[in-house]
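>>> pasting the sequence and the predicted model now:
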Amino acid sequence: MGASDFVTARAGTAAAPSGSADAPLLRFDAVNIRLGGREILSPTSFDVARGEFVCIVGASGCGKTTLLRAASALVVPSGGRVLRHGVPVTAPSREIAFVFQDYGRALLPWRTVEGNVRLALEAAHVPAAEHAARAAEVLAKVGLAAHAARFPLQLSGGMQQRVQIARCLAQRPELMLMDEPFGALDALTRQGLQDELARLVREDGLTVIFVTHDLEEAIYLGDRVIALQANPGPGRPSLARMIEVTIPRPRDQLTTREHPEFLRLRRELFAFIEQGHA
């Protein structure tokens, strides 16, 4: 099955009844978004299964971040629907956590690392008696147990992003939306966090939708890579490619990136992005 056939097969699946146990965790059903009179996202449809890691790539301005915001009800679609477990998403939910690219602005500088994690517990009205144990649990998961009493400005960029991820994990979400979370980090820190995220997803059974400009990052992390195109033209969806990544897990920064399938997918996605820019 070619990439275009796979898009049709997955996007054209009949919707399960609202609230059905057979419904996917998340469904984009002909979602169309217009902002300021401009179409940001043409009608786009695809499903995200429970436990799946889906990466979204595409040129700047193609609607990647807007798609995430629609999934979390931070943006209301102009047409179509976003459904979670078959039920329309109409308001933000604590079951959905959002990790932003700008970790510096996402953290409260006057709160310690532990205090920033506790913020999520306070917002969720978790009993105060549980805060210390819950915060310690997630900080240990992201390797920050020894830094709980530090403030964000005392941490490196990679450590600050770990704090933001820990705060999201404290919510115990079923879906994590990540908007270029490693984009501002150096290459080695970025690779380390990629492996750490893959481990956390595997251990906690999380479902992730991950936006990135880095094609290699998308292939390395994803079970599937969805490629969007900007200005697709009248009557054409923004979703242009949907590619399954069949490279075995766990993956390794050296051997995986040398895998023939990794190199093939990189060439395919690079050609698509280059064509879009042209």
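Perfect, thanks for sending it. The model shown is predicted, which means the values in this text are computed figures rather than measured ones.
>>> low-confidence bits of the protein, can you list those?
Along the chain, segments meeting pLDDT under 70 span 1-21, 232-235, 276-278.
>>> repeat the analysis, applying 80 as the threshold.
Along the chain, segments meeting pLDDT under 80 span 1-22, 104, 230-237, 239-240, 273-278.
>>> all strands for it, in order.
26-35, 38-48, 53-57, 79-84, 87-88, 96-99, 175-179, 207-211, 224-228, 239-244 (DSSP state E).
>>> distance to Leu68 and mean neighbour count for these - can I get that in JSON lines?
Where you see a C-beta, it was placed from the backbone N, CA and C, and this is true even at glycine. Output for the strands of the chain, formatted as JSON lines (distance: least, CB to CB, whole Å; neighbours: other CB atoms under 10 Å):
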{"stretch": "strand 26-35", "distance to Leu68": "11", "mean neighbour count": "20"}
{"stretch": "strand 38-48", "distance to Leu68": "11", "mean neighbour count": "21"}
{"stretch": "strand 53-57", "distance to Leu68": "8", "mean neighbour count": "24"}
{"stretch": "strand 79-84", "distance to Leu68": "11", "mean neighbour count": "18"}
{"stretch": "strand 87-88", "distance to Leu68": "17", "mean neighbour count": "13"}
{"stretch": "strand 96-99", "distance to Leu68": "7", "mean neighbour count": "22"}
{"stretch": "strand 175-179", "distance to Leu68": "5", "mean neighbour count": "23"}
{"stretch": "strand 207-211", "distance to Leu68": "6", "mean neighbour count": "24"}
{"stretch": "strand 224-228", "distance to Leu68": "12", "mean neighbour count": "24"}
{"stretch": "strand 239-244", "distance to Leu68": "14", "mean neighbour count": "20"}
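>>> give me the nearest residue to Val99, chain neighbours excluded.
Spatial nearest neighbour of Val99, excluding adjacent residues (CB to CB, 6 or more residues apart in numbering): Met178 at 4.4 Å.
>>> and if you look at Ala198?
Leu221 (6.3 Å).
>>> what is the neighbour count of that neighbour?
Close neighbours of Leu221, defined as other CB atoms under 10 Å, add up to 24.
>>> before we move on, what about Ala73?
Using other CB under 10 Å, Ala73 is surrounded by 17 other residues.
>>> for it, give me its contacts.
By CB atoms under 8 Å, 6 or more residues apart in numbering, the contact set of Ala73 is Val82, Val89, Thr90, Ala91, Pro92, Ser93.
>>> again, only using 6 Å
By CB atoms under 6 Å, 6 or more residues apart in numbering, the contact list for Ala73 reads Val89, Ala91, Pro92.
>>> likewise for Thr44?
So Thr44 contacts Phe28, Val31, Pro237, Ser238, Leu239 (CB under 6 Å, 6+ apart).
>>> now, among those, which is nearest to Arg162?
Relative to Arg162, the closest of the contacts of Thr44 is Phe28; by CB to CB it sits at 29.5 Å.
>>> how far away is the residue of the chain positioned farthest from its centre from Leu121?
What lies farthest from the middle of the chain is Ala129; by CA atoms, centre = their mean that is 31.2 Å. From Ala129 over to Leu121 the distance is 11 Å, taken as CB to CB, to the nearest Å.
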